[in-house]
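Peer 1: Here is a sequence with its predicted model. Questions after.
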Amino acid sequence: MTIYETYMQRCLQLAALGGGQVAPNPMVGSVLVYNDRIIGEGYHRVYGQAHAEVNCIASVRPEDRHLVPDSTIYVSLEPCAHYGKTPPCADLIISQGIRKVVVGCRDPFEAVDGKGIEKLRNAGIEVMTGVLEKECHWINRRFFTYHTQHKPYVLLKWAQTADGKIAGGTNERLLISNAYSNRLVHRWRSEEMGILVGTRTAQLDNPSLSNRLWHGPQPVKLLLDMDLKLPLTARLFQDDATVVVFNTQKHTLEPGTVFPLQQTGTYYYQLSKTEPLIPQLLHAGYQLRLQSILVEGGANLLQQFIDSNSADEVHIITNTGLFAGEGLAAPALKGFTAVQQQTLDKDQLHYFVHQHHPYFPYHS
């Protein structure tokens, strides 16, 4: 690993600290280095607040302020060049007299998309790009997928018994995963912008779809209920959250409505009865600016995402001590590569990415 990669790795470590707090912005980390000494570091902490470069430069101690112009600033994503919630970071770097910038990867967002790098170079600043580029893409795979493929990043999750069942013999609910895995699932929920289930799962499990066991933002609850069978007394409608019901009966979203909304409530998004389902859901998610969706069931919905090559990642929890015998089989996984395994008591967690995942950095 080169010295540039070492400092970029630190940027990635910092960026990850913003996970679940900065969406729809990307996670970004930054370090300021003078003569192989880090004199400042920061990351984007909360959406709408200061970006990584701002926090990095602000962290420099008073006795080191005079070193800033002669330092190199590292940032995992191209500095922004536009006014959004905050002023352009490229302008800040220029104003500080910094003469060298090392960038992990280019920002695909249309308001940036190379303009930050161009602005820095036009100001006479040396810019190095592509340092740990694949790793910088991976940490923001949701952001990149949304802006380059114009669809939400899709993560599938299910729990299954040791003999591969996700429900009992009469489709009754099975309590499969343990308390440790359940808490982890709530963390996964907090990291995505939407969480999707079908009618049958909502009827059988009556889930709240909350992330109450983990600190973080509540994702938008997405219910696929084509014929509006689920009563409004169901648990997922009860708490103070935003719910979107995909159906074929009615539409209550105003044109141009995007999420996350400041106000909570239940909204209806009408789908076509004749068009393929999954492309419609992906288009709707993109329209609503949901950069990522966690799909938790049921089996048929999960299988449709797999069969249509529309899922990016899969997380499977297997209770190695539970056998169901007769029951509903788990989805058949195909086209995915196993990348990680984890053990939580009797639960085995297996993580997969699509075999053609454009941002996974470790494909052979």
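Peer 2: Done, it's in.

Peer 1: what about stretch 309-318, how long is it end to end?
Peer 2: 23 Å (C-alpha to C-alpha, to the nearest Å).

Peer 1: Contacts for that stretch next, please.
Peer 2: Contact partners of stretch 309-318, identified using C-beta atoms under 8 Å, 6 or more residues apart in numbering, comprise 141, 145, 151, 153-162, 176-177, 181, 185, 188, 278-279, 282, 295, 304-306, 330, 333, 335-336, 347-354, 357. C-betas here are computed from N, CA, C, even on glycine.

Peer 1: are any of those residues buried, and which?
Peer 2: Among the contacts of stretch 309-318, those scoring as buried are 141, 145, 151, 153-161, 176-177, 181, 185, 188, 278, 282, 295, 304-306, 330, 333, 336, 347-354, 357 (criterion: 16 or more other C-beta atoms under 10 Å).

Peer 1: Which of those residues fall within helices?
Peer 2: Among the buried ones among the contacts of stretch 309-318, the members falling in helices (DSSP state H) are Arg141, Thr145, Ser181, Val185, Trp188, Ile278, Leu282, Gln304, Phe305, Ile306.

Peer 1: Name all residues that make contact with the first one.
Peer 2: Going by C-beta under 8 Å, 6+ apart, Arg141 touches Tyr153, Asp312, His357, Tyr359, Phe360.

Peer 1: In this model Leu32 seems to touch Arg10, though I could be wrong.
Peer 2: No. With contacts counted by C-beta atoms under 8 Å, Arg10 stays clear of Leu32, the gap being 10.9 Å.

Peer 1: Between these two, which is the more surrounded one?
Peer 2: Neighbours were counted for Arg10 and for Leu32 using other C-beta atoms under 10 Å; Leu32 has more, 26 against 18.

Peer 1: The more buried one and Ser71 touch, don't they?
Peer 2: Yes. In this structure, Leu32 is within contact of Ser71 by C-beta under 8 Å, at 5.0 Å.

Peer 1: Now do the shared contacts for these two.
Peer 2: Ile39, Gly40, Ile98.

Peer 1: you'd agree the last one is in a helix?
Peer 2: No. Under DSSP: H, G, I helix; E, B strand; the rest coil, Ile98 falls outside any helix and is assigned coil.

Peer 1: what about the closest residue to it other than its chain neighbours, is that helix, strand or coil?
Peer 2: Counting by C-beta to C-beta, 6 or more residues apart in numbering, the nearest residue to Ile98 once its immediate chain neighbours are dropped is Ile73, at 5.4 Å. Secondary structure state of Ile73, per three-state DSSP, is strand.

Peer 1: Contact partners for Ile73?
Peer 2: Here Ile73 is in contact with Ser30, Val31, Leu32, Val33, Glu53, Cys56, Ile57, Ile93, Ile98, Lys100, Val101, Val102 (C-beta under 8 Å, 6+ apart).

Peer 1: Reformat the residues you listed as a markdown table; add pLDDT and secondary structure.
Peer 2: Below are those laid out as a markdown table (pLDDT from 0 to 100; DSSP: H, G, I helix; E, B strand; the rest coil):
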| residue | pLDDT | secondary structure |
| --- | --- | --- |
| Ser30 | 99 | strand |
| Val31 | 99 | strand |
| Leu32 | 99 | strand |
| Val33 | 99 | strand |
| Glu53 | 98 | helix |
| Cys56 | 99 | helix |
| Ile57 | 98 | helix |
| Ile93 | 98 | helix |
| Ile98 | 98 | coil |
| Lys100 | 98 | strand |
| Val101 | 98 | strand |
| Val102 | 99 | strand |
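
Peer 1: so what pLDDT did the residue nearest to Val154 when sequence neighbours are not counted get?
Peer 2: Among residues not flanking Val154 along the chain, Ala311 sits closest, at 4.7 Å (C-beta to C-beta, 6+ apart). Per-residue confidence at Ala311 stands at 98 (pLDDT).

Peer 1: roughly how far apart are Ala311 and Met193?
Peer 2: Distance of Ala311 to Met193, given as C-beta to C-beta, to the nearest Å: 16 Å.
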